[in-house]
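1. no sequence on this one, just coordinates:
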Ligand SMILES: [Mn+2]
């Protein structure tokens, strides 16, 4: 196929995958583009900010319907494009095409899921294997992830990042000098930017150094990672002469959350997260005068969503690559009632050692499911 | 076999079944909203988990007056919020992290108030009817009965709470119920994965055979090392591993696969002494922590 991004984008809008070779080429070209971008992208309003989408491709299409199609709307995506949802490949392929086609109208920030380590556990790796029969596409994309920018500043006023602030970052200039072309490390500024969380009503351990109730940085009880409060946010904004921080990374029922007297907001763009949370989603539309408007939306209607397997697209001969002849219907969105006999025979080795992994639907994350009903 | 007389219930988010004097209902709704979370945080000693399905519940009631519910808030009340709670388990990179963040950490001595951030609970349901209580028993769950491919008159599954532990793993409390013509089974499962550290599965099973006079409740708790379970992943074909030795770890996010992979604890466990409370550790071959508690409550018409 000849190289035509517009054709690729159209195919993706029709939920068709691109071939492995095109994806390789796409990632190579996008890397060449991103390597020239700084760690902090400068963007002008009006612009629409999108939070975590996590492979919920049909909801991504809904975002374009609500917020306008690229390039007519200027977009900043705040990361976590892959994992958990069933269409990480379609999602990241589309966003990468859009970035390459209109580099000045589309900005892709790195989230903590844009990482080799995380995607191996949370679904993107598995999905690539299922849809392409090998890990090449996963390798191309995870290599590309190392080039994504870390943050965005809108008109010198709004700081955008996936997770939050870092105790080792006081000025935006300190982000500019980080070496970002690497896997997300376990610790340090780059990790903090994609991992940390603001906490509105922290319950700090008394007796520590620092200003407890005011909302300084604190170490998570997990033993790694930071949470930060209002004081830190205020100070960061003052030092950098900015007015607001916008970040993603945290689920909220309403689709957005405003904290610290409007100094910080969370935008969340995956409605009915993991196909079970029942939450709303939003995009944050920032007007020419930097006024902020959360455009809230729910999950797209079921008839548009398409259960995996019903609409896999027709690109290439993907079905032939399915390793075990399974089609996507085994991804487990819906449990199909099948004759119970099949389940009960064979798999019941031991009452509590039963292979009850045949279990999809709303609980559990496994990929090869038959029937959940006969659990033990 | 002919199905016994029963009626199905469908009332908005509530579904359920009536049969043999039992009413079993489930309620499935969205996660708590902002206001509900605010109220929850005042009731709980631990921070709210990321997904708190506080309006979800499973309720079982018998005409004798016995009533048991399963609710997220009651389960979360049992999460350890004592000062030493967070000492038990740290994420895998914690040691590394503490060392490398020494400079920054010099100024940051605040650790958020400790609590069991794994959200581990030993919740076995809430007995709402004061008159009844569970007693230790030698009654068991009839596995043979449950293995039969009998028709399922009612099935449902729901989540009570879930937290991704800031992507260091998963903690999830979920419920499943199935009602057959001769018996029913409810499974409440707490599933914990801390990446590169451990797995934990706390299961509560409630089982009743229609026509008998008791309801069996069996609680099992199992801890096993992450590496042992990871070692049991199906091996990928060599040609799948050509790139960077990547491995498909997604089965580790599946509570059912993990549970089935862990050492079995239950009627078939390699121990002949199954008192009501059994510390099963010594007789089991694999390293880990295991606990079994078996109780029952009288159900009289
Ligand atoms: Mn995230």
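-> Nice, thanks for sending it over. Quick caveat: nothing in here was measured; it's all calculated off a predicted structure.

2. which residues touch residue A:94?
-> By C-beta atoms under 8 Å, 6 or more residues apart in numbering or on different chains, residue A:94 lies in contact with A:9, A:12, A:13, A:57, A:60. Where you see a C-beta, it was placed from the backbone N, CA and C, and this is true even at glycine.

3. and it, how far is that from the ion?
-> Distance, residue A:94 to the ion, by C-beta to the ion, to the nearest Å: 19 Å.

4. Run the chain-centre distance for the host helix or strand of that residue.
-> Assessed by DSSP states H and E, residue A:94 sits inside helix A:88-101. Chain-centre distance of helix A:88-101: 12 Å, with C-alpha atoms, centre = their mean, to the nearest Å.

5. returning to that earlier point: using ChimeraX, make a named selection holding only the buried ones among the contacts of residue A:94.
-> In ChimeraX, a selection of the buried entries from the contacts of residue A:94 looks like this (16 or more other C-beta atoms under 10 Å in any protein chain shown):
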select /A:9,12,57,60
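
6. Same list (the contacts of residue A:94) but as JSON lines, adding secondary structure, distance to the ion and pLDDT.
-> Listed next are the contacts of residue A:94 as JSON lines, based on DSSP: H, G, I helix; E, B strand; the rest coil; distance: C-beta to the ion, whole Å; pLDDT from 0 to 100:
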{"residue": "A:9", "secondary structure": "helix", "distance to the ion": "26", "pLDDT": "97"}
{"residue": "A:12", "secondary structure": "helix", "distance to the ion": "23", "pLDDT": "97"}
{"residue": "A:13", "secondary structure": "helix", "distance to the ion": "26", "pLDDT": "96"}
{"residue": "A:57", "secondary structure": "helix", "distance to the ion": "18", "pLDDT": "96"}
{"residue": "A:60", "secondary structure": "helix", "distance to the ion": "16", "pLDDT": "97"}
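
7. And the contacts of residue A:94, which two are furthest apart?
-> Distances among the contacts of residue A:94 were taken as C-beta to C-beta; the most separated pair is A:9 and A:57, at 13.5 Å.

8. Quick check, residue B:165 in contact with residue B:90.
-> No: taking C-beta atoms under 8 Å as the definition, residue B:165 is not a contact partner of residue B:90, at 11.2 Å.

9. which strands and helices sit next to whichever helix or strand residue A:48 is part of?
-> Taking DSSP H and E as the criterion, residue A:48 maps to strand A:47-50. Contacts defined by 3 or more C-beta pairs under 8 Å, 6 or more residues apart in numbering or on different chains; DSSP states H and E place strand A:47-50 against helix A:57-67, strand A:75-77, strand A:281-286.

10. mind redoing it with 7 Å?
-> In this structure, strand A:47-50 packs against strand A:75-77, strand A:281-286, with contacts taken as 3 or more C-beta pairs under 7 Å, 6 or more residues apart in numbering or on different chains; DSSP states H and E.

11. wait, doesn't residue B:19 sit right on residue B:9?
-> No: if you go by C-beta atoms under 7 Å, residue B:19 and residue B:9 don't touch, sitting 10.9 Å apart.

12. Enumerate every residue touching the residue most central in space within chain B.
-> Centroid check for chain B by C-alpha atoms, centre = their mean gives residue B:189 as the closest residue, at 1.7 Å. When contacts are counted by C-beta atoms under 7 Å, 6 or more residues apart in numbering or on different chains, residue B:189 touches B:174, B:201, B:203, B:255.

13. Give me the phi and psi angles of the second one.
-> Dihedral angles phi and psi of residue B:201 (degrees, to the nearest 10) take the values phi -130, psi 110.

14. Same check on the last one?
-> Its backbone dihedrals place residue B:255 at phi -50, psi -30, with angles given as degrees, to the nearest 10.

15. So the closest residue to it other than its chain neighbours: helix, strand or coil?
-> Among residues not flanking residue B:255 along the chain, residue B:191 sits closest, at 3.8 Å (C-beta to C-beta, 6 or more residues apart in numbering or on different chains). Under DSSP: H, G, I helix; E, B strand; the rest coil, residue B:191 falls in the strand class.

16. On the strand side of things, show who residue B:191 bridges to.
-> Following DSSP bridges, residue B:191 is listed with bridge partners residue B:172, residue B:201.

17. From residue B:51, how far off is it?
-> 13 Å (C-beta to C-beta, to the nearest Å).

18. circling back: and residue B:19 and residue B:9? which has more neighbours close in?
-> Neighbours were counted for residue B:19 and for residue B:9 using other C-beta atoms under 10 Å in any protein chain shown; residue B:19 has more, 19 against 14.

19. what sits against the more buried one?
-> B:4, B:5, B:6.

20. Looking at these, which one is closest to residue A:33?
-> Using C-beta to C-beta, those come closest to residue A:33 at residue B:6, 62.9 Å.

21. Skipping adjacent residues, who's closest to that closest one in space?
-> Residue B:6 sits nearest to residue B:19 (C-beta to C-beta, 6+ apart), 3.6 Å away.

22. Residue A:28: what's it in contact with?
-> Here residue A:28 is in contact with no residues (criterion: C-beta under 7 Å, 6+ apart).

23. Leaving out chain neighbours, which residue sits closest to the residue of the stretch 1-150 of chain B found nearest chain A?
-> Closest to chain A within the stretch 1-150 of chain B is residue B:30: 2.6 Å, counting by C-beta to the nearest C-beta. What sits nearest to residue B:30 in space, not counting adjacent residues and going by C-beta to C-beta, 6+ apart, is residue A:278, at 2.6 Å.

24. for the stretch 101-250 of chain B, which spans come out with low pLDDT?
-> Confidence mapping of the stretch 101-250 of chain B against pLDDT under 70 gives the ranges B:101-113, B:236-246.

25. next one: the stretch 1-150 of chain A
-> In the stretch 1-150 of chain A (pLDDT under 70), the answer is A:1.

26. Please enumerate the helices of it.
-> Taking DSSP state H, counting those that start in this stretch, the helices of the stretch 1-150 of chain A run over residues A:5-13, A:20-34, A:57-67, A:88-101, A:116-122, A:124-132, A:136-145.

27. Go through these and pick out the most buried.
-> With neighbours defined as mean count of other C-beta atoms under 10 Å in any protein chain shown, the helices of the stretch 1-150 of chain A peak in mean count at helix A:124-132, which reaches a mean of 25.

28. So in terms of bridging, what pairs with the residue nearest to residue B:6?
-> Assigned bridge partners for residue B:19, using DSSP bridges, are residue B:22.

29. ok and the residue in chain A nearest chain B?
-> Residue nearest to chain B within chain A (C-beta to the nearest C-beta): residue A:278, separated by 2.6 Å.
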